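Asker: A predicted structure for the sequence below; I have some questions about it.
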Amino acid sequence: MRKAVTRLAVLVMTCAACAAQASAAQSDRPTTARTVANLPAPALPVTGASLLLAGSTTPLWSLHGDSELPIASATKMMTALVVLQRVRNLDTVFTQTDWRPDPVDSQIGLVPGERMTVHDLLLALLLPSADDAAEDLAYNVGRGSVARFVGWMNADARALGLDRTHYTTPIGLDTAGNYSSPDDLVRLADLLMRDWPFFRRTVALSSATLESGRYVRHIVSTDDLVGKVPWIRGVKTGHTGAAGYVLVSEGHRDGFTLLASVLGTASESERDASALRLLDWGFSQFRVIRPVRAGQVLARRRVAYEAAPALVVAARGYRTIVARGTAVRTAIGRLRRLEGPMAKGTVVGELRVSIAGRAPVRVPLILGRRLPAVSAWAKLGHLANRPFTLLMLALLLGGAAAAVTIGRRRRPRVLLTVSVDER
């Protein structure tokens with residue numbers, strides 16, 4: 001525990017040092033930094049970087065975000081995706097080919113003919129970033145053809161809209177045509193973390209044990225932040241001579257999740273410090289807001305002939321991210337007249353969400369329950385039950401009775417005269 005705390009303290013100090021170095025380094029480097037708000041950008045000693053809100057597609061900030069750069073073993077994120085898409089049973093056993101990695105490559109020491117489960121091969125691929133595990137998976141999933149597997153990697157990149165990404169290897173070694181962009185890396189990581197639970201659980205591990213193979217192996221993640229920074233959840237490291245040190249990270253704080261990529265750093269400590277600095281900057285500069293939730297009651301309106309008020313609710317929710325301090329206002333537009341019959345879910349108005357610097361967002365407002373048709377008898381009964389109506393009716397009836405009585409009193413008396421003939 002003391003060792004971990006010490007390493008973390010060193011990492012924080014390195015982060016501060018990197019910030020100072022980066023400020024000087026970037027003053028001489030042309031930049032194409034982009035941000036969704038007019039915010040001071042973090043200074044990072046990188047060739048490229050990107051910051052993305054989980055579940056979105058447009059980065060909050062990026063530096064050379066669409067540049068095609070070597071990505072080293074960050075390639076293995078797509079390798080893992082292709083495997084997970086095509087192998088449903090992770091207990092499937094693969095046999096290692098006769099491919100042998102270079103001694104300096106990351107590996108778990110697989111030998112030709114060794115048998116290991118896909119589950120364990122994926123752990124080896126994602127934690128210690130084993131090149132021999134990547135080759136084993138690509139060869140077997142590709143039905144004896146690594147080239148076929150790489151073709152699937154590129155097909156998936158196109159299908160996902162990763163337009164600045166291309167693969168020539170499932171490993172990530174420096175080969176011509178194997179590249180991605182900072183923006184594409186965070187988008188791919190976001191998809192894997194959201195849609196593939198096995199991937200999400202695996203990259204959150206700092207270590208694991210491989211039970212299959214010739215012998216039991218204990219492996220350790222190359223991501224130094226996992227297990228040491230509580231809010232970091234992965235994702236993938238990489239390093240080659242051409243790519244430098246690469247790290248894609250996911251962090252969760254303050255009720256929302258951000259993903260960051262940093263490429264081309266000069267060392268592991270600079271890589272880790274840059275990723276932490278970028279994520280810290282994101283959490284400090286932005287906040288997630290939810291001005292309205294689906295089904296939220298926004299108005300109660302009295303309806304003629306109905307005892308209970310009509311409920312006006314939001315048809316859908318709206319959630320977004322804004323720079324801290326941004327003004328957010330909501331306003332309900334004029335509602336249409338509410339009278340039965342009207343079905344539940346009928347659109348009766350809209351809620352307008354206004355965020356400074358953006359076009360207003362309109363959320364439909366609908367009836368939360370149906371309004372039934374009202375019969376003529378119901379209307380008459382409704383009127384009869386109203387106190388004012390009863391009073392008026394009583395006054396009218398009383399007035400009519402009084403008029404009749406007075407009329408009788410004032411009517412002149414008529415004497416009947418009977419004439420008698422006396423003859």
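Answerer: Good, I have the coordinates. Only a predicted model underlies this, so the values are computations on that prediction, with no experimental measurement involved.
Asker: got the buried residues for stretch 167-186?
Answerer: 167-173, 178-186 (16 or more other Cβ atoms under 10 Å). All C-beta atoms are positioned from the backbone trio N, CA, C, and that covers glycine.
Asker: Flag the shaky bits of this structure, pLDDT-wise.
Answerer: 1-33, 36-38, 375-423 (pLDDT under 70).
Asker: can you list the domain ranges for it.
Answerer: Segmentation of the chain into domains, based on automatic domain parsing, reads 2-286, 290-367, 377-410.
Asker: tell me the most buried of those?
Answerer: domain 2-286 (a mean of 19; mean count of other Cβ atoms under 10 Å).
Asker: Among the buried residues of stretch 167-186, which ones are in strands?
Answerer: Using DSSP state E, no member of the buried residues of stretch 167-186 sits in strands.
Asker: any idea which of the residues you listed is closest to residue 322?
Answerer: Nearest to residue 322 among the buried residues of stretch 167-186, counting by Cβ to Cβ, is residue 186 at 19.3 Å.
Asker: Residue 251 is in contact with that closest one, correct?
Answerer: No. If you go by Cβ atoms under 8 Å, residue 186 and residue 251 don't touch, sitting 11.7 Å apart.
Asker: Need the overlap of contacts for these two.
Answerer: 259, 260 (Cβ atoms under 8 Å, 6 or more residues apart in numbering).
Asker: The stretch 51-200 of the chain: helices as residue ranges?
Answerer: 76-86, 118-126, 131-141, 146-159, 182-195, 197-203 (DSSP state H, counting those that start in this stretch).
Asker: Against which helices or strands is the third one packed?
Answerer: Looking back up the chat, that one is helix 131-141. helix 76-86, strand 93-95, helix 118-126, helix 146-159 (3 or more Cβ pairs under 8 Å, 6 or more residues apart in numbering; DSSP states H and E).
Asker: Alpha carbons of that helix, as PDB, please.
Answerer: Provided in PDB are the C-alpha atoms of helix 131-141 (Å, rounded to 0.1, in the frame of the first residue of the first chain):
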ATOM      1  CA  ASP A 131       1.700  -9.900 -29.100                       C
ATOM      2  CA  ASP A 132       1.700 -13.700 -29.200                       C
ATOM      3  CA  ALA A 133      -1.900 -13.800 -27.900                       C
ATOM      4  CA  ALA A 134      -2.900 -11.300 -30.600                       C
ATOM      5  CA  GLU A 135      -1.400 -13.400 -33.300                       C
ATOM      6  CA  ASP A 136      -3.000 -16.600 -31.900                       C
ATOM      7  CA  LEU A 137      -6.400 -15.000 -31.900                       C
ATOM      8  CA  ALA A 138      -6.100 -13.400 -35.300                       C
ATOM      9  CA  TYR A 139      -5.000 -16.600 -36.900                       C
ATOM     10  CA  ASN A 140      -7.600 -18.800 -35.400                       C
ATOM     11  CA  VAL A 141     -10.600 -16.400 -35.600                       C
END
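Asker: nearest to residue 57, of the helices of the stretch 51-200 of the chain?
Answerer: Using Cβ to Cβ, the helices of the stretch 51-200 of the chain put helix 182-195 closest to residue 57, at 6.7 Å.
Asker: tilt between that closest one and helix 76-86?
Answerer: 40 degrees (axes from the mean of the first three to the mean of the last three Cα atoms, to 10 degrees).
Asker: and helix 182-195 with helix 118-126, angle?
Answerer: Using the same axes, to 10 degrees, helix 182-195 lies at 150 degrees relative to helix 118-126.
Asker: quick check, distance from helix 182-195 to the centre of its chain.
Answerer: 11 Å (Cα atoms, centre = their mean, to the nearest Å).
Asker: Tell me the helices and strands packed up against it.
Answerer: strand 48-53, strand 61-63, helix 76-86, helix 197-203, strand 232-240, strand 244-253, strand 256-265.
Asker: Relative to residue 285, which of the ones you listed is closest?
Answerer: Using Cβ to Cβ, those put strand 61-63 closest to residue 285, at 8.5 Å.
Asker: Show me the contact partners of that closest one.
Answerer: 31-36, 39, 41-42, 44, 46, 48-51, 182-183, 278, 281-282.
Asker: Was I right to think residue 122 contacts residue 81?
Answerer: No. If you go by Cβ under 8 Å, residue 122 and residue 81 don't touch, sitting 10.8 Å apart.
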